[in-house]
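Novice: no sequence on this one, just coordinates:
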């Protein structure tokens, strides 16, 4: 009879321990998702070092191709 009560006691202890570990695992998985979302949010914040693109209207004298390049010059028909 003592063996049966020991087995029942061990099973009940194992059952409560399993429930506690399951709760801990669920909390850890939730925390993993929360931290991943926080990192994604932090990476997508605008930085202060942004460069803005500006558009300019540049016309060539002979109505050819006039392209304003990034160095501040104007290329007309592929020539500076």
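Specialist: Looks like it came in fine. Fair warning: this is a prediction, and the values are worked out from it, not measured in the lab.
Novice: For the rest of this, base every contact and every neighbour count on C-alpha atoms.
Specialist: Will do.
Novice: Residue 45 belongs to a strand?
Specialist: No: with DSSP: H, G, I helix; E, B strand; the rest coil as the criterion, residue 45 is coil rather than part of a strand.
Novice: Tell me the predicted confidence for it.
Specialist: The score at residue 45 is 82. That number is its pLDDT.
Novice: Could you check how many residues crowd around it?
Specialist: Using other C-alpha atoms under 10 Å, residue 45 has 8 other residues around it.
Novice: next one: residue 38
Specialist: Using other C-alpha under 10 Å, residue 38 has 12 neighbouring residues.
Novice: Would it be right to say that it lies in a strand?
Specialist: No: counting by three-state DSSP, residue 38 is not found in a strand; it is helix.
Novice: Next, find the distance separating it from residue 24.
Specialist: Separation of residue 38 from residue 24 (C-alpha to C-alpha, to the nearest Å): 21 Å.
Novice: How about residue 6?
Specialist: The gap separating residue 6 from residue 24 is 27 Å, by C-alpha to C-alpha.
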